[in-house]
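A.B. asks: Return a 3D structure for these sequence lines:
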Amino acid sequence: MSDFDEKTRVTQVVQPPPGGGSKNTTDCLVVIYTKEPTLLGKRFVLENNPTRVGRGADNHIVLDGDSVSRRHAHFEQRPSAWMVVDDGSTNGTYCNDEQISREVVLKNGDRVKIGPTIFKFLSGADVEAQYHEEIYRMTIIDGLTQIHNKRYLYEALEREIIRGRRHERDLAILLFDIDHFKRINDVHGHLAGDFVLKEVARIVQSRIRRDEVFARYGGEEFAIILPETSIEGAAALGETLRQKVAEHLFVFQADSIRVTISVGVALLQEGDRTANDLIKRADERLYHAKNSGRNRVCA
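C.D. replies: Take a look at the predicted model:
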């Protein structure tokens with residue numbers, strides 16, 4: 001077990017009350033990402049038709065946040081399927097990362113984003129099993145970027161350290177973060193910040209090999225575990241990713257956003273005992289990259 005011990009907050013299964021206004025009281029929404037810790041993992045059974053979501057207290061699902069309108073959206077069951085309908089919200093409603101113009105038919109597993117909160121729609125005969133699978137998935141996957149989370153990173157890194165020592169093979173790690181991320185949030189809004197995080201994750205994910213682990217380390221920080229990789233190889237990958245991000249056109253709701261990353265690289269050393277030892281050295285190199293002007297790789 002590593003020095004890191006993160007507790008994933010999830011709620012207990014919420015059983016539907018008797019009765020209800022819809023034909024099907026098994027279909028539900030599960031909160032897989034939120035800025036409100038008490039909501040993470042909560043299940044909302046779609047027992048009301050329609051089920052309204054917004055900032056106002058009269059909604060069936062009440063969400064906080066400046067990016068949530070008083071009456072933001074609603075879920076409506078029609079003869080053939082459930083729909084998500086935007087109710088003229090200021091900041092829009094998203095389904096699978098695409099802003100909906102008015103309404104869209106929901107399929108099992110679709111992700112609906114309202115303000116900073118992401119719901120996963122579960123439907124079908126095995127909703128209970130799907131729900132428990134989703135709760136487990138939340139312990140290893142970041143709900144926003146859909147890559148591994150910090151907890152999984154530490155567990156994987158501890159395993160790779162043991163394997164690297166046993167076979168006397170190199171093990172490297174990249175730690176990088178988005179430059180001036182607070183400025184992006186302040187200037188363009190937190191929804192734009194979420195968009196940038198997801199886009200950076202998507203760009204990097206496309207360059208990751210099967211045996212490498214890519215995870216969101218926290219906030220705007222990410223990490224990549226690189227088994228059997230030298231310091232030179234890790235630095236080269238870091239430079240490739242830095243260039244890919246710097247050259248990418250980030251556009252959110254007609255706003256162009258300039259995005260760069262700073263990268264720190266570290267190699268497993270004989271004196272390293274835990275995952276924290278290796279990550280600490282990568283973090284020191286990242287700190288040096290930031291202090292040296294950002295948008296660069298330090299190994």
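A.B. asks: For the stretch 151-299 of the chain, which segments are assigned as strands?
C.D. replies: 171-178, 213-218, 221-227, 250-252, 255-257, 261-267, 297-298 (DSSP state E, counting those that start in this stretch).
A.B. asks: Kindly report the same for the stretch 1-150 of the chain.
C.D. replies: Under DSSP E, counting those that start in this stretch, the stretch 1-150 of the chain gives strands at 28-33, 43-45, 51-54, 61-62, 73-77, 82-86, 93-95, 98-99, 103-105, 111-114, 117-122.
A.B. asks: could I get the ones you listed as CSV with mean neighbour count?
C.D. replies: The C-beta positions use only the backbone N, C-alpha and C, and glycine is treated the same way. Formatted as CSV, the strands of the stretch 1-150 of the chain follow (neighbours: other Cβ atoms under 10 Å):
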stretch, mean neighbour count
strand 28-33, 23
strand 43-45, 21
strand 51-54, 23
strand 61-62, 18
strand 73-77, 23
strand 82-86, 20
strand 93-95, 22
strand 98-99, 11
strand 103-105, 16
strand 111-114, 21
strand 117-122, 23
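A.B. asks: Low-confidence stretches in the chain?
C.D. replies: 1-25 (pLDDT under 70).
A.B. asks: For it, which segments are assigned as helices?
C.D. replies: 127-138, 150-167, 181-188, 190-205, 231-247, 275-291 (DSSP state H).
A.B. asks: closest to Asp211 out of those helices?
C.D. replies: Shortest distance between Asp211 and the helices of the chain, using Cβ to Cβ, is found for helix 150-167: 9.3 Å.
A.B. asks: Could you pull up the residues touching Val68?
C.D. replies: Gly54, Arg55, Ser89, Asn91, Ile114, Gly115, Thr117 (Cβ atoms under 8 Å, 6 or more residues apart in numbering).
A.B. asks: Among these, which one sits closest to Ser256?
C.D. replies: Asn91 (18.3 Å).
A.B. asks: Looks like the closest one contacts Ser69 (just checking).
C.D. replies: Yes - assessed by Cβ atoms under 8 Å, Asn91 is found in contact with Ser69 at 7.2 Å.
A.B. asks: Buried residues, stretch 55-73. List them.
C.D. replies: Using 16 or more other Cβ atoms under 10 Å as the test for burial, stretch 55-73 gives Arg55, Asn59, His60, Ile61, Leu63, Gly65, Ser67, Val68, Ser69, Arg71, His72, Ala73.
A.B. asks: now stretch 199-215
C.D. replies: Glu199, Val200, Ala201, Ile203, Val204, Ile208, Glu212, Val213, Phe214, Ala215.
A.B. asks: Just give the closest residue to the third one, not the sequence neighbours.
C.D. replies: In this case it means Ala201. Leaving aside its chain neighbours, Ala201 sits nearest to Thr145 (3.9 Å; criterion: Cβ to Cβ, 6 or more residues apart in numbering).
A.B. asks: Break this protein into its domains for me.
C.D. replies: 26-137, 148-290 (the TED database).
A.B. asks: Mind putting those domains into CSV with distance to Ala299?
C.D. replies: Formatted as CSV, those follow (distance: least, Cβ to Cβ, whole Å):
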stretch, distance to Ala299
domain 26-137, 33
domain 148-290, 4
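A.B. asks: how much space between the residue lying closest to Ser292 once chain neighbours are set aside and Asn149?
C.D. replies: Closest residue to Ser292 in three dimensions, ignoring its sequence neighbours and counting by Cβ to Cβ, 6+ apart: Cys298, at 6.9 Å. To Asn149, Cys298 is 25 Å away according to Cβ to Cβ, to the nearest Å.
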